[in-house]
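Student: after the sequence you'll find the predicted model.
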Amino acid sequence: MPPHSTTAAAAAVEGYGEEKEDADATLELTPAFKLRYTGFGIDLVRLLRLPGPLPMYKHFTPRPPWQIRDAVLKSARVRSAVQRSADERGVAASFVRIEAEAIINTMGHELGVNAIRALGYFLHKVLCAVYSEVRVDPADLEAVKQAVKRGPVLILPNHRSYMDFLIVSYIFFFAGVPVPAIAAGQDFLSMGPITALLRRCGAFFMRRSFKDDPLYWACFSEYVQSIVSFGDQPLEFFIEGTRSRTGKALHPKVGLFGVSLRPYFDCHAPDITLVPVSITYEERMETHSYVKEMLGTPKTKESVGALIQARSVMQHNCGRMHIKVGPCISTRAELEGKISRQRHRESPGPTPFSDGEKAAVLDLAYKVIATHQEHFVITVPSMLSALVLYWSYMHGSSTATVDAVVDACERVCREVLRRGHRIDVQPRDATDTVSSIRGGLAAGLPGWLNPLHPAAVIAGPVLDFSGAMPTKYIVDLDSLPHDPVFGTILLGHQRNEIVHVFAAEALAVAAVLTAGACSAAASKTSAYAEFRYLHDLLEIEFILRWKTDEDARAAFDAALDRLTLSGALTVDCDTITLTGDWFVTFLASMILPFVLSSTVVAEWWLANPTARLNLDSRSERGGPPLGLDIIRAHVANDHNITFGQVCGECLSSDILKNTVGRLRTWGVVTTDAKNVATLKSVDRLVKINGRTRRAAAAITTAVRGASVVGAKM
């Protein structure tokens, strides 16, 4: 790791709004908050000058926190819920009203500028130590300012790190945008003084589940909708619901999203502006802990002690952070003609969403996720990880020359750019902006390998990735992070950040390989049938959403067109022919672990048809082994399940759970209230496994280079 420079140590707003750097158009980066390490006095003076005049919703004046809570408690909805609860329980309404007041007080924020200044100073120092640059376009923030003046605003970041929780508030504060009220889980209520600080910085706290508590539901929905309707502050929450621990985007959770949109449905707001925020990290502080969780170690509970223990991350440079704010989405424009607001306006109380309205809200949520994916910046560590995993699955050498690595990575960069995504190939410690892809890759390779350590390291003139080539499926948790399975899942975590760019093409290549029984050619009709099956099988893993068969066929044809332009295949009438280009099997390798995992789960259940699978992440110490642990042991004893391919990602609890989730959706398995799954239909599982194993065998054979289309580099 190159040492920190004195100009690469903070994320203050020096140089905010400066001109974009003079670079090749394809490599142009958004402006950065200039990074400078400064003393306590200078930082404090800067913070005390902020914020300046803030834009406000033109129809209302922001209310203080106590007034919001008071209005919620006196609202017709909460008063009605209090009375119903009192009648059902046979107690006085005044007693239930005290409960409601306690719920609202525990939930509510205490947003205040002095607390924001204090947290801003602390966060400034963290960013100084951890990130070399924070890049965000000032024009995007100006668009949010204008949206705040027009009406209510929802800030919707993706969620892959705890840093997401506060980075938006930090940037908004420095840029003169109103700091949002932030929905946070009640897990954070156990952090003592940190909880109080977060509350004063705009956090309000909600239970993870409360659908069976009508009183809490009334208080919560009224609180959220009151903030949105009056435009007191922008409202921020994570539409994915939880942190992605795998590097992939998650399917949206529409509970809070639907509650937040209710004021538009009820005609209490003329429009609600949605602001997707796409946050890309060159390296996340929590990556190693995420990998350990995927292998079964318990999640660290949020606490002051955990925060103190995490201070070691401040000794590690995580590179650049890219933040794309927007583009803004108008709820009114998106839902025009899809819903009837009159039905809600004429109702005396909240009216449940119809099926059509639920579908419209879900479509809107997926549009936010798609906007996130469109604006993620593709980093070199994610490309390197995909390449290293590809080479390790080929069962060849455990090393590659540095020149070969640069050549391959340059090809992937070109393919990413061809698909309209942005890349970052500026070396971490560069003082000058590079103007060519190859120049940036050659100069920055050693620094970019840090997120991949110990899975891949530079050893003289070669890249050694033996740390990501396990020879067995047994994981020694005490030896982490030096276990090869750990290295494989670590690389998979990084690779997943690029999968969305190539997901459709990877499915198309795998479909052609399967339809052609690993030959170089297959009919377009049969390939499309396999494409649809693989999409349905991996629907939870990849967000590729098609409503009709026509949409799916159009996506398949578009994927073939892109592959044709890349030189990966040719299409002649109804025949698809794969070329000998290594990029073909590189794409196939991206989905190999997900298909193999499906065969692992199916084979285990067919061998144990009466078994019950505990899907919890870990059992109590000294308790019975978890179902996922049993599956792992099953794979360890029989490598033939994965065709002799020791694929460490098959031990990831996330992939295994997603596989079971797909089988549950298909009605093959059922789960009870304790999250224990039981096989329901052996016959259907046999059919599914037969088709899945055929795909897994074709992809594995091709990637290993046994096929004419699997030419090694």
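Tutor: That came through, no problem.
Student: let me see the contact set for residue 165.
Tutor: 182, 184 (CB atoms under 8 Å, 6 or more residues apart in numbering). The way it works is simple: take the backbone N, C-alpha and C, and place the C-beta from them, glycine included.
Student: what do you get for residue 503?
Tutor: By CB under 8 Å, 6+ apart, the neighbours of residue 503 are 542, 544, 590, 591.
Student: quick one: which of those is most hemmed in?
Tutor: Counting neighbours by other CB atoms under 10 Å, residue 590 leads the contacts of residue 503 with 26 neighbours.
Student: sorry, back to before: strands - which of the contacts of residue 503 land there?
Tutor: In this view, those have no member that belongs to strands under DSSP state E.
Student: counting by contacts, list what the strand or helix carrying residue 662 packs against.
Tutor: Using DSSP states H and E, residue 662 sits within helix 653-665. Helix 653-665 sits against helix 287-294, helix 582-607, helix 627-637, strand 669-671, with contacts defined as 3 or more CB pairs under 8 Å, 6 or more residues apart in numbering; DSSP states H and E.
Student: figure out which of the ones you listed is closest to residue 186.
Tutor: The closest of the helices and strands packed on helix 653-665 to residue 186 is helix 287-294. By CB to CB, the value is 20.2 Å.
Student: buried stuff in the closest one?
Tutor: Neighbour counts over helix 287-294 (16 or more other CB atoms under 10 Å) mark 287, 288, 290, 291, 292, 293, 294 as buried.
Student: now these in JSON lines, with distance to residue 115 and pLDDT?
Tutor: As requested, the buried residues of helix 287-294 are arranged in JSON lines below (distance: CB to CB, whole Å; pLDDT from 0 to 100):
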{"residue": "287", "distance to residue 115": "30", "pLDDT": "83"}
{"residue": "288", "distance to residue 115": "31", "pLDDT": "81"}
{"residue": "290", "distance to residue 115": "30", "pLDDT": "85"}
{"residue": "291", "distance to residue 115": "34", "pLDDT": "85"}
{"residue": "292", "distance to residue 115": "33", "pLDDT": "82"}
{"residue": "293", "distance to residue 115": "31", "pLDDT": "82"}
{"residue": "294", "distance to residue 115": "35", "pLDDT": "83"}
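Student: where does the prediction get shaky in this protein?
Tutor: Scanning the chain for pLDDT under 70 picks out 1-54, 57-58, 298-315, 395-397, 429-435, 471-482, 616-627, 638-646, 706-713.
Student: try 50 this time
Tutor: Low-confidence segments of the chain, defined by pLDDT under 50: 1-28, 34-42, 304, 308, 619-624, 706-713.
Student: surely residue 414 meets residue 437?
Tutor: Yes: here residue 414 reaches residue 437: they are 7.3 Å apart, a contact under CB atoms under 8 Å.
Student: quick revisit: how about the helices and strands packed on helix 653-665 in CSV, adding distance to residue 102?
Tutor: CSV is the format used below for the helices and strands packed on helix 653-665 (distance: least, CB to CB, whole Å):
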stretch, distance to residue 102
helix 287-294, 34
helix 582-607, 45
helix 627-637, 39
strand 669-671, 34
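Student: deepest-packed of the ones you listed, please.
Tutor: The highest average neighbour count among these, using mean count of other CB atoms under 10 Å, belongs to helix 582-607 at a mean of 24.
Student: what packs against that helix?
Tutor: helix 380-393, helix 402-418, helix 484-515, helix 524-537, helix 627-637, helix 653-665, helix 682-703.
Student: how far off helix 627-637 does it point, in degrees?
Tutor: 110 degrees (axes from the mean of the first three to the mean of the last three CA atoms, to 10 degrees).
Student: what helix or strand is residue 323 on?
Tutor: Residue 323 belongs to strand 320-325, assigned by DSSP H and E.
Student: just the CA coordinates of that strand, formatted as CSV?
Tutor: Extracted as CSV, the C-alpha positions of strand 320-325 are listed here (Å, rounded to 0.1, in the frame of the first residue of the first chain):
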residue,chain,number,x,y,z
ARG,A,320,-11.6,6.4,-3.9
MET,A,321,-15.3,6.7,-3.2
HIS,A,322,-17.6,7.7,-6.1
ILE,A,323,-21.0,9.1,-5.4
LYS,A,324,-23.6,9.8,-8.2
VAL,A,325,-26.6,11.7,-6.9
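Student: partner strands of the next helix or strand after it and their direction?
Tutor: From strand 320-325 onward toward the C-terminus, using DSSP H and E, the following helix or strand is strand 329-330. Using DSSP bridges, the strands paired with strand 329-330 are strand 273-281 (antiparallel).
Student: and residue 469, how many neighbours does it have?
Tutor: 20.
Student: wait, it sits on residue 485?
Tutor: No: applying CB under 8 Å as the test, residue 469 and residue 485 come out as separate, 10.1 Å apart.
Student: re the thing from before, which of the helices and strands packed on helix 653-665 sits closest to residue 222?
Tutor: Comparing the helices and strands packed on helix 653-665 by CB to CB, strand 669-671 comes nearest, at 33.0 Å.
Student: each with direction, which strands does the closest one pair with?
Tutor: Assessed with DSSP bridges, strand 669-671 is paired to strand 676-679 (antiparallel).
Student: any idea how far residue 201 lies from residue 194?
Tutor: 10 Å (CB to CB, to the nearest Å).
Student: higher neighbour count, those two?
Tutor: Shown here are residue 201 and residue 194; by other CB under 10 Å, residue 201 has more neighbours (27 against 15).
Student: the more buried one and residue 267: what is the separation?
Tutor: 32 Å.
Student: repeat that for residue 576.
Tutor: For residue 576, the distance to residue 267 - CB to CB - is 52 Å.
Student: now residue 656
Tutor: Counting by CB to CB, the gap from residue 656 to residue 267 is 46 Å.
Student: so these two - more neighbours on which side?
Tutor: Taking other CB under 10 Å, residue 656 and residue 267 do not tie; residue 656 has more neighbours (24 against 12).
Student: sorry, back to before: who wins for proximity to residue 159 among the helices and strands packed on helix 582-607?
Tutor: Taking the helices and strands packed on helix 582-607 one by one with CB to CB, helix 484-515 is closest: 13.8 Å.
Student: mind listing what's buried along that closest one?
Tutor: 484-515.
Student: stretch 179-192 too?
Tutor: Applying 16+ other CB under 10 Å to stretch 179-192 flags 179, 180, 181, 182, 183, 184, 188, 189, 191 as buried.
Student: just put those residues in JSON lines and tack on secondary structure.
Tutor: Below are the buried residues of stretch 179-192 laid out as JSON lines (DSSP: H, G, I helix; E, B strand; the rest coil):
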{"residue": "179", "secondary structure": "coil"}
{"residue": "180", "secondary structure": "coil"}
{"residue": "181", "secondary structure": "strand"}
{"residue": "182", "secondary structure": "strand"}
{"residue": "183", "secondary structure": "strand"}
{"residue": "184", "secondary structure": "strand"}
{"residue": "188", "secondary structure": "helix"}
{"residue": "189", "secondary structure": "helix"}
{"residue": "191", "secondary structure": "coil"}
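Student: thanks a lot, see you next time.
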